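Chemist: Attaching a predicted model along with its sequence, questions to come.
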Amino acid sequence: MDRFDGTPRLILVADLDCTLVDHDDPLNTDLLRFNALWEAHYRHDSLLVYCTGRSFSSYSGLRKKKPLLTPDIAITSVGSEIVYGSGESMVRDDVWTARLDDKWNRDIVVEETSKFPQLEPQPDKSQEPHKVSFFVEREHAIEIMKVLPGRLEERGVDVKLVYSNGYAFDVLPKGAGKQGSLTYLLEKLEIEGKQPSNTLVCGDSGNDAELYNVPQVYGVMVSNSHEELLQWYEENAKDNPKIFHASQRCGAGIIEAIQRFNLGPSVSPRDVLDTENFHAESLNPVHEVVKFYLFYERWRCGEVEKSDKYLQYLKLLSSPLGVFVHPSGEEKLIHEWIDEMGKLHGDGKEKQFRIWLDKVTSSQISSDTWLARFDKHESSEGKVRSCSTKVLLSYQGEKEKLTWMHIHQSWSDDSCSDDQEKWIF
Ligand code: GLC
Ligand code: MG
């Protein structure tokens with residue numbers, strides 16, 4: 001959260017399964033569209049928050065399988081845990097966790113719930129200190145929800161019950177849940193003087209309903225939302241103009257909401273990449289790198305014609321003296337790497353080659369020079385390789401464009417470095 005000073009322009013709070021992540025789309029088309037939009041237009045001044053029912057470890061597992069950007073904040077286990085940052089700079093919010101102990105006793109919850117034979121405990125990996133979860137059919141859930149809170153209250157335990165996806169039943173401390181955790185987070189930001197201009201919450205199932213109750217937020221239910229959420233909307237939020245049911249699925253529904261509520265740019269660079277003019281003037285280093293890698297992906301996938309003119313365009317973008325340091329340590333002129341790239345036209349088509357950039361930042365380091373930094377991930381035949389990348393760009397006043405002066409890449413810790421010959425840029 002210390003990434004930038006001042007107030008975030010937008011806080012986007014997204015559930016993951018079946019909201020940002022479309023499990024029916026192995027190509028992750030809309031997620032990648034969202035990613036490019038976020039990195040090009042929001043990363044520098046907005047906050048990305050994931051808010052999921054998954055435990056932190058299950059969420060981490062999903063991040064290995066799907067091209068999810070690094071969020072600024074992750075709220076996991078249906079609001080039971082809040083984590084800021086990622087990797088080595090990750091910090092868990094212990095103040096929040098301590099609050100959840102109020103009128104909570106896990107052992108009593110387990111004991112009282114065991115008296116309902118219809119409640120089938122979820123696997124151990126889905127159980128958390130502040131979350132006791134079951135599988136149960138809807139009719140039974142409705143009956144249990146009528147009596148369980150009273151029984152627990154008699155024993156001094158105050159709970160919140162959440163039913164999701166037509167089968168998942170969570171017992172949480174009263175103050176937890178997605179609403180409790182997001183409210184806490186927004187209050188914390190306000191105290192720190194970082195109250196966002198806008199907040200958009202995005203969901204698809206029962207445990208998301210609470211998010212739309214947070215005051216002032218805009219909300220979208222993606223088109224593929226679960227019956228129980230739509231029913232909640234009909235009964236509770238139908239007249240709220242700040243909440244709507246998108247006509248598109250998952251990530252596409254989120255982009256649709258950004259547009260509908262006028263929250264900022266809503267056109268993904270993936271939808272507008274003009275390959276004929278992609279080399280034309282772009283004075284924003286972030287847009288420049290996002291566009292370049294989209295072009296590169298299309299070249300490798302054979303989605304642009306194999307023509308030398310593109311290689312010439314790329315050469316115009318970069319300095320003839322510019323050097324690219326490959327993650328293997330090998331150094332060559334950028335123009336030489338462009339020639340190498342020429343040979344790989346179409347080689348990624350069958351392999352579903354995709355590229356996405358994560359954590360793109362740019363800083364001005366002199367009157368006419370910028371340093372763009374980002375993690376670059378590429379996926380080919382389902383295998384992901386990642387590297388951290390720095391690009392030095394210089395503004396060439398007479399040509400009115402940015403020129404790539406230097407590129408430096410190094411493998412990310414967990415990335416394999418075999419098969420390096422196919423790694424260009
Ligand atoms: C996720 C969790 C599960 C929980 C469900 C609904 O699927 O893994 O434990 O019950 O979300 O919140
Ligand atoms: Mg979901």
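Modeler: Right, received. Where do you want to start? Residues are numbered from 1 along each chain as shown. Ligands and ions are numbered 1, 2, ... in the order given.
Chemist: can you give me the helices in the stretch 301-425 of the chain?
Modeler: Assigned by DSSP state H, counting those that start in this stretch, the helices in the stretch 301-425 of the chain fall at 308-317, 334-342.
Chemist: Let's have those in JSON lines, adding mean neighbour count and mean pLDDT.
Modeler: Yep, even glycine has a C-beta here, placed from its N, CA and C like the rest. Shown next, in JSON lines, are these (neighbours: other C-beta atoms under 10 Å; pLDDT from 0 to 100):
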{"stretch": "helix 308-317", "mean neighbour count": "16", "mean pLDDT": "92"}
{"stretch": "helix 334-342", "mean neighbour count": "17", "mean pLDDT": "94"}
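Chemist: so which of the ones you listed comes closest to ligand 2?
Modeler: Closest to ligand 2 of the helices of the stretch 301-425 of the chain, according to C-beta to the ion: helix 334-342, at 39.0 Å.
Chemist: List the contacts of the closest one.
Modeler: 296, 299, 308, 311, 314-315, 318-320, 322-324, 326, 404, 407, 424-425 (C-beta atoms under 8 Å, 6 or more residues apart in numbering).
Chemist: what ranges of this protein fall below the confidence cut-off?
Modeler: Residues of the chain meeting the criterion pLDDT under 70: 1-4, 277-282, 413-422.
Chemist: Any idea how many residues pack against Val136?
Modeler: Applying other C-beta atoms under 10 Å, we find 20 residues neighbouring Val136.
Chemist: In stretch 163-179, which residues are buried?
Modeler: For stretch 163-179, the neighbour count (16 or more other C-beta atoms under 10 Å) marks 163-165, 168-179 as buried.
Chemist: Now look at that stretch and say if it contacts ligand 2.
Modeler: No. Stretch 163-179 lies apart from ligand 2 when judged by C-beta under 5 Å from the ion; the minimum separation is 7.2 Å.
Chemist: who's the residue of the stretch 301-425 of the chain found nearest ligand 2 bridged to?
Modeler: Nearest residue of the stretch 301-425 of the chain to ligand 2 (C-beta to the ion) works out as Trp356 at 21.3 Å. Beta-bridge partners recorded for Trp356 (DSSP bridges): His377.
Chemist: try the one 5 residues further on
Modeler: Following DSSP bridges, Thr361 is listed with bridge partners Arg373.
Chemist: hmm, back to that, so can I have TSV of the helices of the stretch 301-425 of the chain showing distance to ligand 2?
Modeler: Below are the helices of the stretch 301-425 of the chain laid out as TSV (distance: least, C-beta to the ion, whole Å):
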stretch	distance to ligand 2
helix 308-317	40
helix 334-342	39
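Chemist: nearest to ligand 1, of the ones you listed?
Modeler: Among the helices of the stretch 301-425 of the chain, helix 334-342 comes nearest to ligand 1, with 41.7 Å by C-beta to the nearest ligand atom.
Chemist: Next, the angle helix 308-317 makes with the closest one.
Modeler: Angle of helix 334-342 versus helix 308-317, following axes from the mean of the first three to the mean of the last three C-alpha atoms, to 10 degrees, is 150 degrees.
Chemist: quick one: which of the buried residues of stretch 163-179 sit in strands?
Modeler: Among the buried residues of stretch 163-179, DSSP state E puts Tyr163, Ser164, Ala168, Phe169, Asp170, Val171, Leu172, Pro173 in strands.
Chemist: Touching, the first one and Leu172? I think so.
Modeler: So that's Tyr163. No. With contact defined as C-beta atoms under 8 Å, Tyr163 does not count as touching Leu172 (11.8 Å).
Chemist: sorry, back to before: please list all residues in contact with the residue of the stretch 301-425 of the chain closest to ligand 2.
Modeler: Contacts of Trp356 (C-beta under 8 Å, 6+ apart): Leu32, Asn35, Ala36, Glu39, Pro67, Leu69, His377.
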